[in-house]
Every structure is written in C-alpha cells, then in structure tokens.
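**Q** sequence and predicted model, in that order:
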Amino acid sequence: MHVLTQNLLRYWLFIKSIGVTPQMDEYEKRKMGIFNKLNTLGIATGIILPLIGIFNNDHLPGLAWFVATSPLAISVFVLWLSYEQYSVASRMVYFSLYPVATTLVYLGQVNVGIELFFILYGVLSVFFFQNVLSILFCYSLSIACYFVSTLMPREYYFRLETVNNGFYLFNHILALGFIFYALYLIKEENTGYQFSLLRKSRQLHHRNREIEKQKQEIAEKAGLLEQQTQELTELNQIKNKLFSVIAHDLKTPMYAMRNLFDSMQKQNLSSREIKQLLPAIVNEMNYTTSLMENLLNWAKTQMKNDAANPEVLDIQSMINEVMQLLHLQATNKRINLESNLRQPVHCFADREMVNLVLRNLMSNAIKFTPEQGQVIVGAAEKSNCVEIFIQDNGVGMSDEDLNSLFADRFYTTRGTSNEAGTGLGLKLCKEYLHKNGGEIKVTSELGKGSCFYFTLPRYEESA
C-alpha cells in the first residue's frame, strides 16, 4: 500500500510539472500546475461520463456522446502541447475548443445541462493568461458561446432532463464542482505563493541582516587595519627618530674609548694620566649601558610580549638598591641622594618594571640637577595605592616642556653636565606603569626643580 501511494504521488507530481520550464517564475509554475490538474480532471470526466451513459443504457444522441467524450480528447491534446512546452498554445486550445465544442451540442438542438461550464471557461481565462488580448479573446469567446447556446431561442429535439433527470442534475453539479475546485485551486496556489513570498522576504531580511553584520565586521576590521597602519607609521617614525638619536649619541663613548686606547698604545700614558681620563669615560659608558637597557626594554614592549608579572614588593628595599646602583653617578656630580623612607612600604607590581622606572626617574633627577644639588626619594601609602616620588632641586621645566614630556614624539635635552639622552626612558616608565595599573605625573618650576610622582597598586594582606 505504501509503495502504491508513493507511485501515485510520483505520477501526480509528474502531471503537475508537465510544461514547467526553468525560465518560468514561481507564480507561472504554480499556474501551470493548476492547469494540468484541470486537464487531468477533464480526462477523468471524459472517461466517467460515457461509462455512466453506457451503464444507464440511455439512448443518447450522437451529440450527447460527443460532449461526453470531448473532455478526454481535448485535455489529452492540451497536455501534449504543454509537454512539448507550447504552454501559450495549449491554453489557447483549451479555452477555445471547450466553449466551441459545448456550443456545437446546443446548436445541434441537444440540451444536456452543461451551460454552467461557460462560466468556468470565462473565469479561468482571466486567471491563466497574462496577455490582455488573449484574456479578451477567450473571455469574449466564452460569453459569445454562452449567449448563442442558451439565450438564442430554439426547439430542442433532445432534453436530457426528460430522459434522465438524475444525469441532467449530475451535469449541473459537475459544472458547479469544476467551478468550485478551480477557484479553490487558485485560492490555494495564491495562498501558497503568498507564503512563499513571505518566506523569501524573511530569508531576504535575514540575508540582509547577515550582510549588514558582515559589512559592520568589515568596517570594524578596516578601522582596526587603519589604526594598525597608523600605529605602524607612528612606530616607524619613532624608530627613525630613535635610531638617529642613538647613532649620534653612541659616537661619544665609542670615540672616547678609542681615543683612550690609542693614547695608551701610542703615547705610553702613565697610570696617573689614565686614571684622570677614566671618570669621564666611565660616565659615558654608564650612559651607554642605560641607553642599551632602555632600548632593549622598549623593543620588548613594542613586540607586545612584555606582560607584567606582579608580586609583593618592598619599595623601601628597592629604592635603596637603586640608590646604591646610582651612587657613583651622583658622587661624580657631588649630588646628595637621600631617601626619606624609614619603614617598609609594600606594593603589588612587576619587580623588573618597577626597578626600571625607579632607575630612569632617579637617573634623570641626577642628570638635571647641578653639582652639589639634592635628590630626595620617598613613598607613602594611600587608601588604594602606593605613591612614590623623586624630587630634585635642578633646572626644572617650563610649561611647554611639561606638555612635551609624555607626548608621542621623543623629547630629550642635555643634562647639567651635558649628559645626553634619547627621551626613551620616560616613555618606558609610562608604559610599564600602565601595565601595572599605575600612573605618572610631574610638577615642575623652571629654575627650582621637578618632582615626579607615580602610583602602584597597594598590597592588601588577606585576613
């Protein structure tokens, strides 16, 4: 039974698809399916009506048998035309032959009760044709055949209602059934078509939303790409400026060492003369060492791999270590390097980064403080952070210099003893403090000194 149902469904789908071409839009395909269904019913009618007449043993005239069998012949011919993809011709044949064949029966003075079919032909012609001339022709033909068949007075020599009233009534019911079924099919197909349009509209809306989302993602990626391009451009400019400064400033210590070794080789300098030259060279080498260290750390930050590894730090101990490291630099300029911390202060930050910040800021303070000056380092615990300061009584800065201090470009000036600098240290300080959740600021007055403040997260002991 299941196999039979599948076969019938397959044949029914085949009948619906007769004459359907890929070039047709969905609505035309649906109309073709309805047209094929009507012709299939016409074939069934052309088989059933003669059988009813035979089994009832009605002595029907030849024209009555003609009208009973004509649906079979016409519908088969029409389906063949559709199968050969003459869709317009098949419809013209359908809406021409059916009214004409029906009219010939009435002109032959035979009334079998099929005049309601003229309404069916007129209504369906409006639905199935797109061309206005074709609609007018077929509709006018159906109306003309109706008037000729039913309204023109004539004497019928055969009336089916007198011979077989049930058969006569069946013909009227059949015509009404055809009209109802045709209109029902039209309604169903239109409803299906509207749902199809609604589904496509939703799919189109969904697709548009996806496209808008993709456009937004593309715009975001384009913005990110533009931002990265700008960052790369700025980084390249920074690199060019940086290396131009480095190339210039590295010459001094290199030339100093070369001159020292040349003098030692060629002039046989005494140990006393060598000792007199060494402090200046050591000072230059200290600067070079600091420069190389800052440069390497800057390179790490630009590669985006220099993540902070916070731990509990004793700021007092770290300040003392850095002061010991910079003791020679301060001694050479007879600068008093002092810490006002009398007890441990703890923060939670990356040890190496904090160490670099302290070294750079304290080294800068020494650099811009004249001989016999003073640099004071201290720290204090706040409510949610630790604030460290480095204060000097050096040359100070103007408002213009303060505004340029943490700008994107490199800002550098010579120290009080003509010490060189690249401006890289302060940029590193700012970046490292940011990585540790801290900030940096500075107050300064020209001729009176500067004070750098920076904050770090305070270490909170768990209960």
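**A** Thanks, I have it.

**Q** any chance you could map the strands in the stretch 1-150 of the chain?
**A** Along the stretch 1-150 of the chain, counting by DSSP state E, counting those that start in this stretch, strands occupy 110-111.

**Q** poorly predicted segments of it, please.
**A** Scanning the stretch 1-150 of the chain for pLDDT under 70 picks out 1-2, 56-60.

**Q** now with 90, please.
**A** 1-76, 78-79, 81-91, 93-132, 134-135, 138-140, 142-143, 145-150 (pLDDT under 90).

**Q** can you give the domain ranges for the protein?
**A** Using automatic domain parsing, the domain ranges for the chain come out as 2-209, 250-306, 308-463.

**Q** adding distance to residue 228 and mean neighbour count, write these out as CSV.
**A** Heads up, the C-betas are built off the backbone N, CA and C, glycines and all. Shown next, in CSV, are the domains of the chain (distance: least, Cβ to Cβ, whole Å; neighbours: other Cβ atoms under 10 Å):
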stretch, distance to residue 228, mean neighbour count
domain 2-209, 28, 16
domain 250-306, 12, 14
domain 308-463, 16, 17
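
**Q** make CSV from those domains and add distance to residue 229 to it.
**A** Shown next, in CSV, are the domains of the chain (distance: least, Cβ to Cβ, whole Å):
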stretch, distance to residue 229
domain 2-209, 30
domain 250-306, 16
domain 308-463, 16
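
**Q** and those: which comes nearest residue 215?
**A** domain 2-209 (10.1 Å; Cβ to Cβ).

**Q** wasn't residue 394 part of a helix?
**A** No: counting by DSSP: H, G, I helix; E, B strand; the rest coil, residue 394 is located in no helix; its state is coil.

**Q** could you report the distance from it to residue 121?
**A** Here the criterion is Cβ to Cβ, to the nearest Å. By it, residue 394 lies 109 Å from residue 121.

**Q** can you check residue 456 too?
**A** Taking Cβ to Cβ, one finds residue 456 at 95 Å from residue 121.

**Q** now for residue 387: which residues touch it?
**A** 379, 380, 453, 454, 455 (Cβ atoms under 8 Å, 6 or more residues apart in numbering).

**Q** can you give me the end-to-end distance of stretch 386-401?
**A** End-to-end distance of stretch 386-401: 27 Å, with Cα to Cα, to the nearest Å as the criterion.

**Q** and it, average pLDDT?
**A** Averaged across stretch 386-401, pLDDT comes to 87.

**Q** just how off-centre is that stretch within its chain?
**A** How far stretch 386-401 lies from its chain's middle: 49 Å, per Cα atoms, centre = their mean, to the nearest Å.

**Q** for stretch 20-27, same thing?
**A** 34 Å.

**Q** please save the CA atoms from it in PDB.
**A** What follows is stretch 20-27, C-alpha atoms only, in PDB (Å, rounded to 0.1, in the frame of the first residue of the first chain):
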ATOM      1  CA  VAL A  20       7.100  23.700 -16.500                       C
ATOM      2  CA  THR A  21      10.400  25.200 -17.600                       C
ATOM      3  CA  PRO A  22      13.300  26.700 -15.600                       C
ATOM      4  CA  GLN A  23      12.700  30.100 -17.200                       C
ATOM      5  CA  MET A  24       9.200  30.400 -15.600                       C
ATOM      6  CA  ASP A  25       8.900  32.200 -12.300                       C
ATOM      7  CA  GLU A  26       7.400  30.500  -9.300                       C
ATOM      8  CA  TYR A  27       3.900  32.000  -9.900                       C
END
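
**Q** number the chain from 510, please
**A** In the new count, where the first residue is 510, that last one comes out as stretch 529-536.

**Q** ok, residue 779 - contacts?
**A** Residue 779 makes no contacts at all, as judged by Cβ under 8 Å, 6+ apart.

**Q** relative to residue 770, how far out is it?
**A** 15 Å.

**Q** likewise residue 600?
**A** 109 Å.

**Q** quick one: the helices in the stretch 860-972 of the chain, in order.
**A** Along the stretch 860-972 of the chain, counting by DSSP state H, counting those that start in this stretch, helices occupy 860-876, 908-914, 933-944.

**Q** elements contacting the longest one?
**A** Read it as helix 860-876. With contacts taken as 3 or more Cβ pairs under 8 Å, 6 or more residues apart in numbering; DSSP states H and E, helix 860-876 sits against helix 780-811, strand 820-823, helix 824-834, helix 836-841, strand 883-890, strand 894-901, helix 933-944, strand 958-966.

**Q** weakest of those in terms of mean pLDDT?
**A** What stands lowest among the helices and strands packed on helix 860-876, in mean pLDDT terms, is helix 780-811, with a mean of 65.

**Q** tell me where the longest helix sits in this protein.
**A** In the chain, assigned by DSSP state H, the helix with the most residues is helix 674-758.

**Q** list the helices and strands that helix packs on?
**A** By 3+ Cβ pairs under 8 Å, 6+ apart, helix 674-758 packs against helix 535-564, helix 626-637, helix 669-672, helix 780-811.

**Q** same thing but 10 Å
**A** When contacts are defined as 3 or more Cβ pairs under 10 Å, 6 or more residues apart in numbering; DSSP states H and E, helix 674-758 sits against helix 535-564, helix 571-592, helix 626-637, helix 669-672, helix 780-811, helix 933-944.

**Q** okay, those in TSV with distance to residue 700 next?
**A** Output for the helices and strands packed on helix 674-758, formatted as TSV (distance: least, Cβ to Cβ, whole Å):
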stretch	distance to residue 700
helix 535-564	10
helix 571-592	24
helix 626-637	14
helix 669-672	37
helix 780-811	66
helix 933-944	65
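
**Q** so which of those is nearest residue 616?
**A** helix 571-592 (9.0 Å).

**Q** helices or strands up against the closest one?
**A** helix 535-564, helix 596-616, strand 619-620, helix 674-758.

**Q** tell me the spacing between the residue nearest to residue 705 when sequence neighbours are not counted and residue 639.
**A** Spatial nearest neighbour of residue 705, excluding adjacent residues (Cβ to Cβ, 6 or more residues apart in numbering): residue 535 at 6.2 Å. Separation of residue 535 from residue 639 (Cβ to Cβ) stands at 14 Å.

**Q** residues touching the residue nearest to residue 606 when sequence neighbours are not counted, list them.
**A** Nearest residue to residue 606, sequence neighbours excluded (Cβ to Cβ, 6+ apart): residue 583, at 4.9 Å. Shown in contact with residue 583 (Cβ atoms under 10 Å, 6 or more residues apart in numbering): 548, 551, 552, 555, 602, 603, 605, 606, 607, 609, 610.

**Q** at 7 Å instead, please
**A** 551, 603, 606, 607, 610 (Cβ atoms under 7 Å, 6 or more residues apart in numbering).
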